[in-house]
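Visitor: Show me how the following folds:
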Amino acid sequence: MQSGEEIWLALRDSLRGNASEAVWAAGLNTLRLVDYRDKVLVIGAPNQIQLQRIQQRFLPFITEQAQQLVGDDVTVSLTVSDVIPDADLNKSSEVVTNPTSSAANFSPSVDKPARLDPRMTFDSFVPGSSNRLAFAAAQSVAETPGRAYNPLMIYGNSGLGKTHLLHAIGNYVQENYPGRKVLYVSTETFLNDFIRAIQTRTQLALHDRYRENDVLLIDDIQFMETRGETFHEEIFHTYNALHGEGKQIVLTSDRSPRDLAGLQERFRSRLLQGLVTEIDQPDLETRIAILRSKAEREGIGLPDDVAEWIAQRVRDNIRELEGSITMLRAFANLRQEPISLELAKAHLTNLGQEQIILKPETILTVVSDFYGLSVEDVRGSKRLRPLVHARHVAMYLIRDLLDNYSYPMIARIFDGRNHTTVISGVEKIKDQLAVNSELLAQINQLKRRLQGDGRD
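Guide: Modelled structure (predicted):
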C-alpha cells in the first residue's frame, strides 16, 4: 500500500503537469500534505484566504487528479496548516544542513499569512466622514503597493478601525497579487522577534524575515516610544531597506508622528514624508451604518430604532458598537424572542459605559454655571467680553460633543444667529486651545462636568 507521502508526491507532480503555470502559481504550489488515512487525503493551505480560493476554484480539479491516482473512493479535505509548504522544502533543507546559517535557529513569533483576518476586508469596512481619507488611501496603497503613498501612516484612538484597514490592505494584496509577500505584525511581535533574534544570535534571519516582504504592515507603533535605542535602530534600518526598494510600508498609531516624542527624530521625519491620515470618531449616521452592516453580514434582524438607540450610546469604539449586536443576539436567542428596543434597554444597561446623551440645553446650563452667568445671557446678544467668551465656549462644546448638530442648528439655539457667527466662534476657541493652556484646562473641566451631570 502506498504511504500518504508517496501519494502526495505523485499528486503534486500530477497537479503541476496538468495545471497551467498561472493556476499553479495561484495557490497549488503552496499546498502540502497534512494527513492521509481511511481514504481521506487532508491537504493544508497556508492561510484562510488561500484555503477559500482553492476550495472555490480548484478542489474539483485536485479531487479528480487524486482519484485517478488512488481510486474513486478517495476524498480530499482542505484545512489551514502552518507547516512549511512543499514549495519551500528544498530551500529549508539547504538552510538546515548549513550549521553556520543563522536562519536555521530563528523561530518567528507568528506565522505571517495566518495573522491576516479574512473577515477584515475593504468590503466589510464602513466608510464615513470620519475615516474617508484613510479608507481611500488604504485602497490606493493596496491597489498599487509601493507607488501611491509610501509610507502610509494611519492614526486615531483605539477601536476606530485602524487595524481593520491594515488587514484589508494585506488581504487585498494577497488576493490580487499572489506573488507578493505580505507581513502583518504588531509592534509587540516585532519587539519579541527582535529580542529572540538577539538571544539566539539570529539577527540576519530576522532581517530576512522582515525585509524580504513587499508589503509590511505594523500595528500600534506608539509602543516603540519606550523601547531602547538598539530597537529603534533596527526599525529605522528595516524601514530604510524596504522603502529604498520601493516596498510598501503601512503603520498605525494612536497619535500622529508629531506627537510620538519617544521615536527617533530621523524615523519620525521619515514617517512625515509619506501620507499621515487620521481616523476620527464616527458620526451618528456612520455608527448606524456600521451596525446595519454587521447585522446584515451575520443575518441578524436589527430594527431601526434599536440601531439608533445603540449608536447614540456608543460613540467612540467600533468594537463595542459591533459587540453590542452579538450580545443582543445572544439575549434574543436565550429568551427566544426577536430583537426589540425593549430587549435592548433591558439587557444592554452598561452599553458604552453608560454613554452620555447630551442635549444643547445641558451644555448651556453647565457652561453658564461654570462662568457664573445666566443661560439667557449666554444665549442672548449682549456683547460683554465674559458673555462672548462663554457663548463661544458653549458653541464649541455643542459642536464638539454633539456630532449631529450642524452650524445652522447651533445658530438657532443662540437666538437665531447667522451660522457664520457660530463658525467664527467655534474657530476662535479652536485657535485659542492651541496656545492657551488655561482655556484648555477649562474645556477639559467642562467636559468632565458634562460627563458627570449630563446622563440620560
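Visitor: now the helices for the stretch 1-150 of the chain?
Guide: 4-18, 21-25, 48-57, 59-70, 89-96, 132-143 (DSSP state H, counting those that start in this stretch).
Visitor: Likewise for the stretch 351-456 of the chain?
Guide: Here the stretch 351-456 of the chain has its helices, by DSSP H, counting those that start in this stretch, at 360-371, 375-379, 385-401, 407-413, 419-433, 437-453.
Visitor: C-alpha coordinates for the first one, PDB please?
Guide: Looking back up the chat, that one is helix 360-371. C-alpha atoms of helix 360-371 as PDB (Å, rounded to 0.1, in the frame of the first residue of the first chain):
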ATOM      1  CA  PRO A 360     -27.700  71.600  23.900                       C
ATOM      2  CA  GLU A 361     -29.700  72.800  26.900                       C
ATOM      3  CA  THR A 362     -27.500  70.700  29.300                       C
ATOM      4  CA  ILE A 363     -24.300  72.100  27.800                       C
ATOM      5  CA  LEU A 364     -25.600  75.700  28.000                       C
ATOM      6  CA  THR A 365     -26.600  75.200  31.700                       C
ATOM      7  CA  VAL A 366     -23.200  73.700  32.600                       C
ATOM      8  CA  VAL A 367     -21.200  76.400  30.800                       C
ATOM      9  CA  SER A 368     -23.300  79.200  32.300                       C
ATOM     10  CA  ASP A 369     -22.900  77.800  35.800                       C
ATOM     11  CA  PHE A 370     -19.200  77.400  35.300                       C
ATOM     12  CA  TYR A 371     -18.700  81.100  34.400                       C
END
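Visitor: angle of that helix against helix 437-453?
Guide: If you take axes from the mean of the first three to the mean of the last three C-alpha atoms, to 10 degrees, helix 360-371 sits at 130 degrees to helix 437-453.
Visitor: Tell me which stretches of this protein form strands.
Guide: For the chain, the strands defined by DSSP state E cover 32-37, 40-45, 75-80, 152-155, 182-186, 215-219, 248-253, 275-278.
Visitor: And the pLDDT at Ile363?
Guide: Looking at Ile363, its pLDDT is 93.
Visitor: close enough to count as contact, it and Met395?
Guide: No - applying C-beta atoms under 8 Å, one finds Ile363 not in contact with Met395, separated by 9.4 Å. Glycine gets a C-beta too; all of them are placed from N, C-alpha and C.
Visitor: ok, those two, which is more surrounded?
Guide: Shown here are Ile363 and Met395; by other C-beta atoms under 10 Å, Met395 has more neighbours (30 against 25).
Visitor: quick one, what contacts that one?
Guide: Ile410, Phe414, Val422, Gly425, Val426, Ile429 (C-beta atoms under 8 Å, 6 or more residues apart in numbering).
Visitor: How much space separates the residue nearest to the fourth one when sequence neighbours are not counted from Lys39?
Guide: What it means is Gly425. Spatial nearest neighbour of Gly425, excluding adjacent residues (C-beta to C-beta, 6 or more residues apart in numbering): His392 at 3.9 Å. Plainly put, His392 is 78 Å away from Lys39 if you go by C-beta to C-beta, to the nearest Å.
Visitor: show me what contacts the residue most central in space within the chain?
Guide: The residue lying closest to the centre of the chain (C-alpha atoms, centre = their mean) is Thr163, at 1.6 Å. The contact partners of Thr163, by C-beta under 8 Å, 6+ apart, come to Met120, Asp219, Thr252.
Visitor: redo that, cut-off 6 Å
Guide: Going by C-beta atoms under 6 Å, 6 or more residues apart in numbering, Thr163 touches Asp219.
Visitor: pLDDT wise, what is it at?
Guide: Note for Thr163: predicted pLDDT of 90.
Visitor: same question, Leu51
Guide: Predicted confidence (pLDDT) for Leu51: 79.
Visitor: which stretches of the stretch 201-350 of the chain aren't confidently modelled?
Guide: Applying pLDDT under 70 to the stretch 201-350 of the chain flags residues 226-228, 350.
Visitor: Spatially nearest residue to Arg270 (excluding sequence neighbours)?
Guide: Nearest residue to Arg270 in three dimensions, chain neighbours excluded: Tyr239, at 6.2 Å (C-beta to C-beta, 6+ apart).
Visitor: Spatially nearest residue to Val375 (excluding sequence neighbours)?
Guide: Nearest residue to Val375, sequence neighbours excluded (C-beta to C-beta, 6+ apart): Ser368, at 4.7 Å.
Visitor: Give me the neighbour count for the one you found.
Guide: There are 20 residues near Ser368, going by other C-beta under 10 Å.
Visitor: Okay, it and Gly299: tell me how far apart.
Guide: Taking C-beta to C-beta, one finds Ser368 at 49 Å from Gly299.
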